[in-house]
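**Q** Next input, structure requested:
(2 chains)
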Amino acid sequence: MPDTIIEAHGLKRYYYRGSETVKALDGVDLSIRTGEIVSILGPSGSGKTTLINLLSCLDAPTEGTLMMAGQSVAGLSEDELVEVRRGVLGFVFQQFSLLPTLTVSENVELPLMFLRRRTDARRTAEVLRMVGLSDRASHLPRELSGGQMQRVAIARALIVDPKILVADEPTGNLDKATGESIIALFKHLAADKGLAILITTHNPVFGYETDRAITLEDGRIVKEENLRKER
Amino acid sequence: MEETIQDPFVLRRYVVLATKNLRRRPVRTGLTVAGVALAVTVAVSLGGFMLGYRGAIDKSIKMLGYQVMIMAKGCPYEAATMMLKGGTGLLYLPGDTYQQVKSDPDIENITPIFVGVVEKQASSIRDEGAASNFTIISGIDVPSFLVMKPWLGFKQGPGYANGRWFTPGSKDEVVLGFEAAEYEQRKVGDSFYASITPAGKPNPVMYQFTVVGVLERTGTQDDGTVFLPIDATREYFNRPNQLTILGIKLKEFSSFKMREFETRWLKLPEVQVVGLQQVKNTLVNLVATAQTMIAAVAAIAVIVALIGVINTILMSVYERTAEIGIMKALGARRGSIFQLIWLETLMVCFVGALVGSAMAVIGAGLVETAIKGLADLGVSGSIVQITPALVGYTVLVAVVLGFFAGLYPAWCAASMRPVEAIGKGG
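**A** Next up, the predicted model:
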């Protein structure tokens, strides 16, 4: 039986604009297991990004409890959240967010600099091979296609051996075929490396390719579907 | 595979990343570096001038050979200039001053000098303009003069062999300083013509002299001087009993002895006693106001350059807001972001300081020519002296200022909340 790596109870995130309270997330219970791919679906403004920001320790909840890899993160300061993120979480963003002046391998190795870890050419080559970009190591981002840039971003997330991979709209800027190849890559990483993968997407086609789909509306979970059994 | 080996050289990777970040906007970075470089050029040139000018004064004073000068009362600036470079506003001491002063028990050596201005005749082809047709003549008593300046020697080589001082009683022999000979294109045995207007006479008289020696270069006012025997000079100027300067070397030169000596001889009418420290202070004061103004301009240039640096780095930070958010998401602590942005600032200042120092070194000759062209500072030799220590000090100051200039942009970047920063990029 796989271990639970993320566990959230009663997760709330409110924003205050003068006298108005915006309930971006209003009581979410969720658990994610090692090796599981979970998609978060929902229209714009449903709370997807807020939820993923909380689950990736980029933001702190207003209320509720959150356990990441066995550690409670509720009430932690921003500096303490950084420590939780380091080495546990890997990130992939919709806009790829590669540094334009760094080569593919330098982009991939960037998180190691922040962790003060020594780079290892073999390890870099290994993660590039995992994402199918072994022949692009010395290229600059502008020399790559959108799909290739997203693969570099995935390799950059993998270089620190994370336990959880968080991907915010990873297929949002990609065509259908490229998007499918990215989802296929995620499936492979979850199966092969035991990574827990959390994906937000507007596209239900990609969302239903995962193990579990969670649909949000107005900051609440309105539907949770276990897709692994159905497939 | 274990990936937790710590990198002891991680700073090098920050430097590489900072360099690449700066190269993303080469024109903007280049202009900012140019601003710093310009400010540093001004600062190094000014420092070089301050250093060189004081050095030139010290050297000129040392190469005088004497520490104290007695001369007719007059403008202290003129006195200082006269002492170091010769001058044209000539006043004369009564002839018996020499006899009175030389018996002073504190004097080790004393030499009388008569300075006069003559109009050169049949001069070299380099003379272009009326002003350049005049030159200063020093009438000297060779034995006592050489006791003061034992380093004076004669230039050797073809055309300069057998250089010597005047024969006793000679009236038509001259010895030329190194530059005077080069300027006049004269060698040993050549003639030197000069018109002298005797005191109390309306018309000048032309004399022909023979060059009997050309001195080696000394780097002092002696290089540009034409030397004649003192008695002959006084006779030509019709001032048989007068002197311009008494150069004096004391047995013990201290502030106390100098004051004692000064007090003793200020009792003579129409006499001023000028010590080398006084000369130095006078000359330093002469340019102090100008130096203060240039220093103010340099300070303003430095402040403007620093504002430019802060502005550039801040713009760069705001342009990279999302990127900074991503780096934080990837594990960068506040300190990591602070370090990166701070390094960028320091590198702009460091490179600007190096470029500015190089420009100052390359342009030192031009600065010297410009300063000498603008004003007669009363000293010979190089007045802009850019030393490695000066360059090192200036670069250090630029980096320290960069250290402070980088604090605010680095703090802004480090304080960004990742969730908001990433959202701004979206």
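
**Q** Any stretches of chain A with poor pLDDT?
**A** A:1-2, A:229-231 (pLDDT under 70).

**Q** roughly how far apart are the residue in the stretch 101-250 of chain B that chain A sits nearest to and B:V115?
**A** Taking Cβ to the nearest Cβ as the measure, the stretch 101-250 of chain B has B:G219 as its residue closest to chain A, at 52.7 Å. Every C-beta, even on glycine, is put in place using the N, C-alpha and C of the backbone. As defined by Cβ to Cβ, to the nearest Å, B:G219 lies at a distance of 20 Å from B:V115.

**Q** Buried ones in the longest strand belonging to chain B, by neighbour count?
**A** What stands out as the longest strand in chain B, according to DSSP state E, is strand B:107-121. Going by neighbour count (16 or more other Cβ atoms under 10 Å in any protein chain shown), the buried part of strand B:107-121 is B:107, B:109-120.

**Q** do the same with stretch B:329-338
**A** B:329-334, B:336-338.

**Q** can you check stretch B:250-265 too?
**A** B:250, B:253, B:257-258, B:261-262, B:265.

**Q** thinking again about what came up before, let me see the mean pLDDT of the longest strand of chain B.
**A** Confidence over strand B:107-121, taken as the mean pLDDT, stands at 86.

**Q** neighbouring strands for it, and are they parallel or not?
**A** Using DSSP bridges, strand B:107-121 pairs in its sheet with strand B:134-140 (antiparallel), strand B:191-196 (antiparallel), strand B:245-250 (antiparallel).

**Q** Rebuild the ones you listed as JSON lines, extending it with distance to A:S134 and mean pLDDT.
**A** As requested, the strands paired with strand B:107-121 are arranged in JSON lines below (distance: least, Cβ to Cβ, whole Å; pLDDT from 0 to 100):
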{"stretch": "strand B:134-140", "distance to A:S134": "83", "mean pLDDT": "85"}
{"stretch": "strand B:191-196", "distance to A:S134": "87", "mean pLDDT": "88"}
{"stretch": "strand B:245-250", "distance to A:S134": "85", "mean pLDDT": "88"}
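
**Q** Could you look up the SS state of A:T119?
**A** Put simply, A:T119 is coil when judged by DSSP: H, G, I helix; E, B strand; the rest coil.

**Q** Nearest the geometric middle of chain A, what residue?
**A** Chain A has A:V166 as the residue nearest its centroid, 0.9 Å off, counting by Cα atoms, centre = their mean.

**Q** Before we go further, that one is sitting in a strand, right?
**A** Yes. Under three-state DSSP, A:V166 sits within a strand.

**Q** so who does it touch?
**A** Contact analysis of A:V166 by Cβ atoms under 8 Å, 6 or more residues apart in numbering or on different chains lists A:52, A:55-56, A:89-92, A:197-198.

**Q** Which strands or helices does the helix ranked longest in chain B pack on?
**A** If you go by DSSP state H, chain B has its longest helix at helix B:276-319. For helix B:276-319, the contact count by 3 or more Cβ pairs under 8 Å, 6 or more residues apart in numbering or on different chains; DSSP states H and E identifies helix B:26-64, helix B:76-85, helix B:334-362, helix B:388-405, helix B:407-415 as packing neighbours.

**Q** which residues sit against the strand or helix carrying B:Q208?
**A** B:Q208 belongs to strand B:205-214 when elements are defined using DSSP states H and E. With Cβ under 8 Å, 6+ apart as the test, strand B:205-214 has contacts from B:121, B:154-155, B:160, B:163-167, B:172-178, B:181, B:186-198, B:228, B:236.

**Q** Give the buried subset of those residues as a ChimeraX selection command.
**A** Filtering those down to the buried ones (16+ other Cβ under 10 Å) takes a single ChimeraX command:
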select /B:154,155,160,163,165,166,173,174,175,176,177,178,181,186,187,188,190,192,194,196,197,228,236
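
**Q** So which of the contacts of strand B:205-214 belong to helices?
**A** B:178, B:181, B:236.

**Q** is it possible to export those to a markdown table including pLDDT?
**A** Below are the ones in helices among the contacts of strand B:205-214 laid out as a markdown table (pLDDT from 0 to 100):
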| residue | pLDDT |
| --- | --- |
| B:F178 | 91 |
| B:A181 | 90 |
| B:Y236 | 91 |
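
**Q** And the next helix or strand past the longest helix of chain B?
**A** Where DSSP H and E defines the elements, the next helix or strand beyond helix B:276-319 is helix B:321-329.
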